[in-house]
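Visitor: Pasting the sequence and the predicted coordinates here, then a few questions.
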Amino acid sequence: MLRSLLQPVSKRCFSTLKDTSYIVSRTSNQSLPVYSEIKNGGTQQLTIIRRIQGDVEALKTELTTLFPDAPKNHIKINPTNNHIVIKGLYVNELKQWLANKGF
């Protein structure tokens, strides 16, 4: 379901950070703000990306390319606080993907 995020070092592109219309700020201890949340007694597992500044919709469209087989409601934006909520546990994969993008 999740496209492979690990690419050879030669294919990684760190210049894409300048081209994006959003920024994912790091936390005070310099870690990426990607968190897991488990609800309903463990039956609902979510991954949340916080601290997004700028165009959240652009980040959502980039994330939908990582989940090509997922339904439309797999990734949602919380408009109140600009968090992105993804169904499933993908914390490590998303941290790797954001780090490869230069955040």
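Guide: Great, that's in hand.

Visitor: Check which helix or strand the most centrally placed residue in the chain maps to.
Guide: Among the residues of the chain, the one closest to the centroid is residue 94, at 5.0 Å (C-alpha atoms, centre = their mean). Using DSSP states H and E, residue 94 falls within helix 91-101.

Visitor: What is the distance between that helix and the centre of its chain?
Guide: 7 Å (C-alpha atoms, centre = their mean, to the nearest Å).

Visitor: for stretch 51-70, same thing?
Guide: 7 Å.

Visitor: Now do the strands for this structure: every range, in order, please.
Guide: 22-24, 34-39, 44-49, 52-54, 75-78, 83-87 (DSSP state E).

Visitor: Nearest to residue 103 among these would be which one?
Guide: Minimum separation from residue 103 across the strands of the chain (C-beta to C-beta) falls at strand 22-24, 4.7 Å. Bear in mind the C-beta positions are built from the backbone N, C-alpha and C, glycine included.

Visitor: And that closest one, what's buried?
Guide: Of the residues in strand 22-24, 22, 24 count as buried by neighbour count, 16 or more other C-beta atoms under 10 Å.

Visitor: any idea how far the most far-flung residue of the chain relative to its centre lies from residue 67?
Guide: Most distant from the centre of the chain: residue 41, at 24.1 Å, with distances by C-alpha atoms, centre = their mean. Remark: distance between residue 41 and residue 67 (C-beta to C-beta, to the nearest Å) = 25 Å.

Visitor: Could you do residue 101 as well?
Guide: 16 Å.

Visitor: Between the two ends of stretch 23-39, what distance do you get?
Guide: Taking C-alpha to C-alpha, to the nearest Å, stretch 23-39 runs 28 Å from one end to the other.

Visitor: Please disregard the earlier target; I meant stretch 84-102.
Guide: So stretch 84-102: terminal residues 19 Å apart, C-alpha to C-alpha.

Visitor: Please apply the same query to stretch 76-85.
Guide: Using C-alpha to C-alpha, the two ends of stretch 76-85 sit 5 Å apart.

Visitor: Now that stretch: buried residues?
Guide: 77, 82, 83, 84.

Visitor: ok, now stretch 94-103?
Guide: Buried-residue list, stretch 94-103, by 16+ other C-beta under 10 Å: 94, 95, 96, 97, 98, 100, 103.
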